[in-house]
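*Asks:* got a structure for you, letters missing:
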């Protein structure tokens, strides 16, 4: 086999190994959060009514403010199955966020309010 072909084959194998290593290393430093969004409101009164409704139904509920609107979430979890099961009890939509491994739910809400976390 010619030297040039050996160099090409080794380069391809090395590139593939680097790509796999990088992909695996990145996945170790990230995690997913799933949020169940049940409403977006412009007025505090409407937000408070939804939060009360959630509390009466036995759900904690949280919200964040972005662009003068209140985003109400009935659940945040890193367990998709928990959120999927929750979706059968409350009408809303599932949002998925890929965040760094050390991100807490509080930090996620703060980042969402700043618009720095994208779904």
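*Replies:* Looks like it arrived, so ask away. All values reported here derive from a predicted model rather than from experimental measurement.
*Asks:* contacts and neighbour counts: CA atoms only from here.
*Replies:* OK.
*Asks:* list the beta-bridge partners for residue 96.
*Replies:* On DSSP bridges, the residues paired with residue 96 through beta bridges are residue 34.
*Asks:* so it versus residue 83, what's the distance?
*Replies:* Residue 96 sits 11 Å away from residue 83 when distances are taken as CA to CA, to the nearest Å.
*Asks:* please enumerate the shared neighbours of the two.
*Replies:* Between them, residue 96 and residue 83 share these contacting residues under CA atoms under 8 Å, 6 or more residues apart in numbering: 34, 35.
*Asks:* which pLDDT does the model give the residue minimising distance to the centre of the chain?
*Replies:* Compute the mean C-alpha point of the chain, and by CA atoms, centre = their mean the closest residue is residue 97, 1.5 Å away. Residue 97 is assigned a pLDDT of 92 by the prediction.
*Asks:* strands along the protein, start to end?
*Replies:* Listed from the start of the chain, the chain has strands (DSSP state E) covering 30-41, 62-66, 69-77, 93-100.
*Asks:* who's in contact with residue 113?
*Replies:* Shown in contact with residue 113 (CA under 8 Å, 6+ apart): 64, 65, 66.
*Asks:* buried subset of those residues, written for PyMOL?
*Replies:* One line in PyMOL is enough to select the buried ones among the contacts of residue 113; burial here means 16 or more other CA atoms under 10 Å:
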select buried, resi 64+65
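*Asks:* could you dump the contacts of residue 113 to a markdown table with pLDDT?
*Replies:* Shown next, in a markdown table, are the contacts of residue 113 (pLDDT from 0 to 100):
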| residue | pLDDT |
| --- | --- |
| 64 | 94 |
| 65 | 95 |
| 66 | 93 |
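*Asks:* low-confidence bits of this structure, can you list those?
*Replies:* Where the chain drops to pLDDT under 70, the residues are 22-28, 117-119.
*Asks:* 80 instead, please
*Replies:* Under the criterion pLDDT under 80, the flagged ranges of the chain are 1-3, 7, 16, 18-29, 116-119.
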